[in-house]
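Visitor: only the shape, not the letters, is given here:
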Ligand SMILES: Nc1ncnc2c1ncn2[C@@H]1O[C@H](COP(=O)(O)OP(=O)(O)OP(=O)(O)O)[C@@H](O)[C@H]1O
Ligand SMILES: [Mg+2]
């Protein structure tokens, strides 16, 4: 992709645990183009949040990028200083966090929190920042915004708080919006409204979206392309229809099988047996081998590479020995 807005290139992120340096993300390479909507899906502990925190320069203190790099809007970020990250955050990339209550300041009115974001990054006056905040609050579907502006976070419902978070993320018109499980804590009606809102924002403003969820059904509503992560690796990457109609990796097939659907009503929901290994328990070979219904001897011994598959329609990458003959390593 020429001039990708975001490019992760063979990124590795590791934690220091006691005297060990343990990788949590490995060989993460993908791009997001301007205006593109890309989803990242995977079970809990697969590395979705670490990937997004890396892009925002917000990794926890015990973690570090140990290999590879990140290009954001033409700038190399892996060696960036705290100041360079602050300049990027808000304007180039903004993030909606998994839990809005913990991301908002409980002691500051919500409108003011949005206005402060504008003042910090857009060098506008206080009255202008307030005007922009009120405008953005209306845009994200909040009503009676003049009154709401002075309310504190605890007075708001989960859906309203999530909209405040979205308004805060969008106030500086970032080129890339990262939404980390933005609807997980919400009931289904509010969830549908937030998904519509994000899709509409992408259409009307051209903001690229990196949308993170453990639920492929939710990602399908917003994204054109999906990256499937497992145990710190990308295991599949393809256009959303490709993933839904022709999943290649047995893990993706398992995720799809576990989606609730009208045809499955009344029957018990499928779950993939076993669980994602902790970062300290990962062995050689394919990380999914222990849970995979198609695993053979080679899977236990040799880690597969991420390859472009020739069998798929369009751009489709998969990390699985089942497709080793049909593709080239990428
Ligand atoms: N501060 C930390 N110290 C040690 N290990 C960590 C830390 N934060 C995350 N990890 C490990 O890194 C791996 C990836 O974590 P991450 O938070 O990215 O998962 P996730 O895919 O976002 O999961 P979830 O769906 O639960 O949000 C997990 O195995 C997790 O245990
Ligand atoms: Mg997470």
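Guide: Thanks, I have the structure now. Nothing here was measured: the structure is a model prediction, and the numbers come from that model. Ligands and ions are numbered 1, 2, ... in the order given.
Visitor: how many residues are close by the residue in the stretch 201-330 of the chain that ligand 1 sits nearest to?
Guide: Proximity of the stretch 201-330 of the chain to ligand 1 (CB to the nearest ligand atom) peaks at residue 279, 4.6 Å away. C-beta coordinates here come from the backbone N, C-alpha and C atoms, glycine included. If you count neighbours by other CB atoms under 10 Å, residue 279 ends up with 18.
Visitor: the one 3 residues further on too?
Guide: Counted with other CB under 10 Å, the burial measure for residue 282 works out to 17 neighbours.
Visitor: could you give the number of residues near the nearest residue to it once chain neighbours are set aside?
Guide: Leaving aside its sequence neighbours, residue 282 sits nearest to residue 231 (CB to CB, 6 or more residues apart in numbering; 6.0 Å). By the criterion of other CB under 10 Å, residue 231 has 24 neighbours.
Visitor: quick revisit: contacting residues for the residue of the stretch 201-330 of the chain closest to ligand 1?
Guide: Listed by CB atoms under 8 Å, 6 or more residues apart in numbering, the contact partners of residue 279 are 15, 22, 23, 24, 232.
Visitor: the second one belongs to a helix?
Guide: Meaning residue 22. No: in this structure, residue 22 is strand, not part of a helix, as judged by DSSP: H, G, I helix; E, B strand; the rest coil.
Visitor: just checking stretch 222-235 against ligand 1, any contact.
Guide: No: applying CB under 6 Å from any ligand atom, one finds stretch 222-235 out of contact with ligand 1, separated by at least 6.5 Å.
Visitor: buried residues in that stretch?
Guide: Burial within stretch 222-235, assessed by neighbour count using 16 or more other CB atoms under 10 Å, is assigned to 222-223, 225-235.
Visitor: from those, which land in strands?
Guide: 225, 226, 227, 228, 229, 230, 233, 234, 235 (DSSP state E).
Visitor: how close does the second one get to residue 18?
Guide: From residue 226 across to residue 18, the span is 36 Å (CB to CB, to the nearest Å).
Visitor: for the third one, same thing?
Guide: From residue 227 across to residue 18, the span is 31 Å (CB to CB).
Visitor: same check on the last one?
Guide: Taking CB to CB as the criterion, residue 235 is separated from residue 18 by 29 Å.
Visitor: for the chain, which residues score under the pLDDT cut-off?
Guide: For the chain, applying pLDDT under 70 flags the ranges 1-2, 262-265, 310-314, 325-330.
Visitor: which parts of it sit against ligand 1?
Guide: With CB under 6 Å from any ligand atom as the criterion, the chain meets ligand 1 at residues 15, 24, 42, 44-50, 60, 62, 214, 278-279.
Visitor: in PyMOL, how would I select just the buried ones from these?
Guide: The PyMOL command for the buried members of the residues of the chain next to ligand 1 (criterion: 16+ other CB under 10 Å) is given here:
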select buried, resi 15+24+42+45+46+47+48+49+50+214+279
